[in-house]
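# The following block contains a protein sequence and its predicted model.
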Amino acid sequence: MDIILLGPPGAGKGTQAQRLEQRHGMQQLSTGDMLRGAVKAGTPIGLKAKAVMDRGELVSDEIVSELIDAELTAMGADTGAIFDGYPRTAAQARSLDEILARHGRSLDHVIELVVDEDALVERITGRFTCANCGAGYHDTFKQPAQSGVCDECGATEFKRRPDDNEETVRTRMVEYRAKTAPILPIYEERGIVNRVDGMASIDEVTEAIDAVLG
Ligand code: AP5
Ligand code: MG
């Protein structure tokens with residue numbers, strides 16, 4: 001099963017994708033994570049992407065579609081893909097169709113996380129992750145069970161994203177409204193969009209997604 005998690009910055013795409021990996025053995029394909037990996041490694045893509053990401057704007061369609069294509073090539077044909085943060089433009093949606101067809105795959109569901117944008121700034125500015133395994137946490141909503149120790153791997157170092165400041169978050173939301181929300185009708189026409197209340201608790205959102213996946 002291949003699905004897209006669609007929603008603005010902070011909607012909970014990454015949080016839910018990690019849970020789907022654990023519960024259903026699917027694989028998260030986050031273009032944001034791939035780009036951050038490229039920035040950290042100092043690859044040519046990373047060098048190009050860094051300033052764009054720091055401003056909260058979108059990296060070029062070609063770059064992200066190539067990243068997705070490469071990940072799908074490396075992935076087992078039987079493992080379901082969770083597209084997190086991709087596609088983000090109409091051109092990327094077209095590329096995804098082509099890429100999936102080439103890999104003999106097709107989309108089963110597009111899950112739209114419906115959220116109140118005003119709450120998202122708090123979600124994003126409070127977010128931090130384990131520096132070792134990437135598990136996600138939040139200052140208010142999801143602290144590790146033992147303060148300063150990752151629940152998943154026991155590591156004690158955490159990090160915050162450079163684009164998680166209020167000014168950049170506002171730009172990321174403008175980009176979402178202008179370029180990403182308009183791709184929903186492409187999938188609505190195919191009858192594969194399911195709306196989930198992203199303002200519910202993290203567990204409730206997981207349950208609602210599980211209900212869609214059946
Ligand atoms: P990307 O990494 O995709 O960031 P984003 O879309 O802005 O989304 P976030 O990762 O911020 O939010 P999320 O929905 O994953 O929320 P999370 O689960 O962490 O992209 C970053 C940048 O890379 C872009 O700006 C762009 O420059 C570039 N880029 C990436 N993909 C691209 C593409 N395809 N094309 C072009 N450029 C691209 O949750 C947030 C916080 O809230 C967490 O702390 C979490 O614990 C908490 N939380 C989650 N759910 C709940 C809940 N239900 N209740 C309470 N708290 C919750
Ligand atoms: Mg994310």
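Yep, that arrived. Ligands and ions are numbered 1, 2, ... in the order given.

# and residue 129, that's in a strand?
Yes. Assessed by DSSP: H, G, I helix; E, B strand; the rest coil, residue 129 belongs to a strand.

# For the protein, name the helix or strand with the lowest mean pLDDT.
Least confident element among the helices and strands of the chain, by mean pLDDT, DSSP states H and E: helix 117-125 (a mean of 91).

# Please save the CA atoms from it in PDB.
Taking Å, rounded to 0.1, in the frame of the first residue of the first chain, the C-alpha atoms of helix 117-125 are listed here in PDB:
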ATOM      1  CA  GLU A 117      -3.000  26.900  11.300                       C
ATOM      2  CA  ASP A 118      -2.900  29.100  14.400                       C
ATOM      3  CA  ALA A 119      -2.000  26.100  16.500                       C
ATOM      4  CA  LEU A 120       0.800  25.100  14.200                       C
ATOM      5  CA  VAL A 121       3.400  27.700  15.100                       C
ATOM      6  CA  GLU A 122       3.300  26.500  18.800                       C
ATOM      7  CA  ARG A 123       3.700  22.900  17.600                       C
ATOM      8  CA  ILE A 124       6.600  23.700  15.400                       C
ATOM      9  CA  THR A 125       8.600  26.000  17.700                       C
END
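
# Identify the residues contacting that helix?
Helix 117-125 is contacted by residues 8-12, 138, 140-141, 164-166, 169-170, 173, 199 when judged by C-beta atoms under 8 Å, 6 or more residues apart in numbering. (Each C-beta comes from the backbone N, C-alpha and C, glycine too.)

# Restricted to buried residues, select the residues you listed in ChimeraX.
Filtering the contacts of helix 117-125 down to the buried ones (16 or more other C-beta atoms under 10 Å) takes a single ChimeraX command:
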select :8,9,10,11,12,138,164,169,173
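
# Pull the most distant pair out of the contacts of helix 117-125.
Farthest apart among those by C-beta to C-beta are 165 and 199. That separation is 22.7 Å.

# Parallel or antiparallel, list what pairs with the top strand by length along the chain.
What stands out as the longest strand in the chain, according to DSSP state E, is strand 107-114. According to DSSP bridges, strand 107-114 forms sheet pairs with strand 2-6 (parallel), strand 193-197 (parallel).

# Right, I'll leave it there.
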